[in-house]
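Peer 1: what follows is a predicted structure for the sequence shown.
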Amino acid sequence: MVIEGGQTTLFFGTWYRKSPFFDAARHAGCYAYDVYNKMYIPSNFADPIEEYWHLVNHATVWDVGCERQVEIRGPDGYEFMEYLTPRDLTTCTVGQAKYVVLTDEQGGIINDPVLTRLGKSRFWLSTADSDVLLWAKGVSYHSDFDVEIREPDVSPMQIQGPKSKDVLRALVGPSVSNLEYYHFLETTIDGIPVIVTRTGWSAEVGYEVYLCDGSRGTDLWNRVMAAGKPFDLRPTGPSEYRRIEAGILNYPSDIDWNHNPYEAGLGWLVDLDKKHDFIGRAALRKIKREGVKRKLVGVEVPGDEVVRPWLPHPWPVRKDGKEVGTLTALAMSPRLQKNIGYAWLPIPLTKLGTEIEIETPAGSRKAIVVKKPFIDPKKETPKS
């Protein structure tokens, strides 16, 4: 933990797990941590704005071993995966990844993982912060699907930023240059087994390197740092500033099982007419037919910096003195020099340009509903 205005105190208990990169990241200067999927995640090595600019201009490496993998395989692996998500997977070929949502029987979002198809009937789900392993096991137990569900010995790190291609070429060779967005290749780095995907949580050019042998975490970290030295690679935490600019959602602070994909702006991940049945189909069909009563919208708060850079908890949103919603994320964009974030609002207040008020610890501030993503809405940067 970090105690503001006082001495920093770090205490690591055995009840939270550590990634294979934990020791290396700590020795590299990490001074603040969060807990994600019941694991420690390094969150800061330097000032958050300094880390943001390094991500945007150079290359960064993050320990995201907390993105636990749920592996689904077996004779009915493909059919079971189709059952877990409303996204149609018929176009997801072996060697490809897809962003998906998992929904419950009421259409609520259980998680929004990245799905990687390793084989005809073998998948990884790289999960956000919720118990997907237990959810999938429970669904399997009450079904007739012949599948095996487990957590493999796999831990990712993210290498992100405009120079990340140079770093990966130095690590695995020129073949990585041909890796398409949301595809992967299986390889080794100095004998260390890895899978490299063209994915990330930054909306910059980037990769995730999935370590497939947990005993080699420090070895892989050191090799990555050595390869990245000519390109000014630095360890950082995930950037809250950059993900808000990009319209990336954080589970469960922005969305959770109380929200459905249509409310969250993720309706494009739902194919109600896909061939395979899926959990929540009837509920989502009804929601789409009747329409939603609230939405997650982008907001801008004029004036000076409100908070830097994380909300300690959701803040109330008011209209004409009445509480109407919640603010889930807010930060002063270093590039835009504007306070930007997300808020849940009732449909009548989601029109662009609508003025609302947010309740901060320092008092009320005016906010305006604006379009999101705030930067690069077509994702041209990460695809480049």
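Peer 2: It's in.
Peer 1: shaky segments in the protein?
Peer 2: For the chain, the stretches with pLDDT under 70 are 1-10.
Peer 1: what's the longest helix in it?
Peer 2: Longest helix in the chain, counting residues (DSSP state H): helix 217-228.
Peer 1: report the buried residues of it.
Peer 2: Gly217, Asp219, Leu220, Trp221, Arg223, Val224, Met225, Ala227, Gly228 (16 or more other Cβ atoms under 10 Å). All C-beta atoms are positioned from the backbone trio N, CA, C, and that covers glycine.
Peer 1: Arg122: how many residues sit nearby?
Peer 2: 17 (other Cβ atoms under 10 Å).
Peer 1: does it touch Pro75 like I think?
Peer 2: No. Applying Cβ atoms under 8 Å as the test, Arg122 and Pro75 come out as separate, 11.1 Å apart.
Peer 1: and Ile279, which of the three is it?
Peer 2: coil (DSSP: H, G, I helix; E, B strand; the rest coil).
Peer 1: need the contact list for it.
Peer 2: When contacts are counted by Cβ atoms under 8 Å, 6 or more residues apart in numbering, Ile279 touches Tyr83, Leu84, Leu102, Thr103, Asp104, Glu105, Val139.
Peer 1: 6 Å instead, please
Peer 2: Contacts for Ile279 were tallied using Cβ atoms under 6 Å, 6 or more residues apart in numbering; they are Thr103, Glu105.
Peer 1: which stretches in the stretch 51-200 of the chain count as helices?
Peer 2: 77-84, 132-141, 164-172 (DSSP state H, counting those that start in this stretch).
Peer 1: ugh, wrong one, I meant the stretch 251-384 of the chain
Peer 2: Counting by DSSP H, counting those that start in this stretch, the helices of the stretch 251-384 of the chain are 281-290, 380-383.
Peer 1: what element comes up after the helix or strand containing Val35 heading to the C-terminus?
Peer 2: Val35 belongs to strand 32-36 when assigned by DSSP states H and E. Per DSSP H and E, the first helix or strand lying C-terminal to strand 32-36 is strand 39-44.
Peer 1: got the angle between that next one and strand 32-36?
Peer 2: 140 degrees (axes from the mean of the first three to the mean of the last three Cα atoms, to 10 degrees).
Peer 1: ok so, going back, out of the helices of the stretch 251-384 of the chain, nearest to Tyr182?
Peer 2: Distance to Tyr182, taken as Cβ to Cβ, is lowest for helix 380-383 among those, at 9.1 Å.
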